[in-house]
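Just the structure for this:
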Amino acid sequence: MTGRQMSNNGQTHERVAQKLRTRQALLTAARELAAQGKAPTVAQAADAATVSRATAYRYFPTQESLLVEIPLDVAAPTAQSLFGNDTAPQDPEDRAALVQNALYDLVRDHEAEFRLFLRNSLLRGLEDPDSTGDPFRGARRSDLLDRALAPLEGELPASEIKRLKTALSILVGIESMIVLRDVLRLSHSEARAAGESAVRELVRAARDRYHGAQ
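Numbering: from 1, shown residues only. Alright, predicted model coming up:
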């Protein structure tokens, strides 16, 4: 990879990160308005977040798309809540399993809202098939997996950790629950256990593959 390519990749990453911060600012403002007993409109959230209304509508094109995500944002685990205490596991396999289980529990407990959220994001995806527009999802699992895999930084190369994170991203969240429940017809307890097993096996395989090649 050339220096120019690395620079362009860094700039692209920062642009995406900035857009995600803008999206979160709108959602946070909406949460605060909702806590006051209001059902915030996209325009009201934009004004409260000091973001232009035109920009806000690119992230949340309808009031429904904003309102359906507020309770999910309130309930969603954060890297701090999962890993910011002395009882958090240190083994990366256990940490990845913790992310899987926490997100599964979140989706299970807010299934109706998540299915509406997924419907909205799928429809938005039809409008942006190349994923070049503003992000219409918050990428929460990305932050959680970054923290979960942090102990691997001295063990595996960055490219291997990135590869593992990409694979794990497929296995956690609403999409995996849809497969386990709707396609495979598993009970919640069976689906949760299957998801944890798959995540653990993936982390174990990544470590074994790398160390076996040494």
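
Okay, now stretch 145-158: how far is its last residue from its first?
With C-alpha to C-alpha, to the nearest Å as the measure, stretch 145-158 spans 14 Å from end to end.

ok, and for that stretch, which residues are buried?
For stretch 145-158, burial by neighbour count (16 or more other C-beta atoms under 10 Å) applies to 145, 147, 148, 149, 152, 156. C-betas here are computed from N, CA, C, even on glycine.

Taking those, tell me the two that lie furthest apart.
Of all pairs drawn from these, the one with the longest distance (C-beta to C-beta) is 147 and 156, at 15.6 Å.

show me where the chain has helices.
In order along the chain, the chain carries the following helices (DSSP state H): 3-35, 42-48, 53-59, 63-67, 70-75, 79-83, 92-109, 111-127, 140-148, 158-171, 174-178, 188-212.

lowest-confidence stretch among the ones you listed?
Mean pLDDT is lowest for helix 3-35 among the helices of the chain, at a mean of 79.

how about JSON lines for the buried residues of stretch 145-158, with distance to residue 139 added?
Formatted as JSON lines, those follow (distance: C-beta to C-beta, whole Å):
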{"residue": "145", "distance to residue 139": "10"}
{"residue": "147", "distance to residue 139": "13"}
{"residue": "148", "distance to residue 139": "14"}
{"residue": "149", "distance to residue 139": "15"}
{"residue": "152", "distance to residue 139": "20"}
{"residue": "156", "distance to residue 139": "22"}
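
nearest to residue 97, of the residues you listed?
The closest of the buried residues of stretch 145-158, once distances to residue 97 are taken by C-beta to C-beta, is residue 148, at 8.7 Å.
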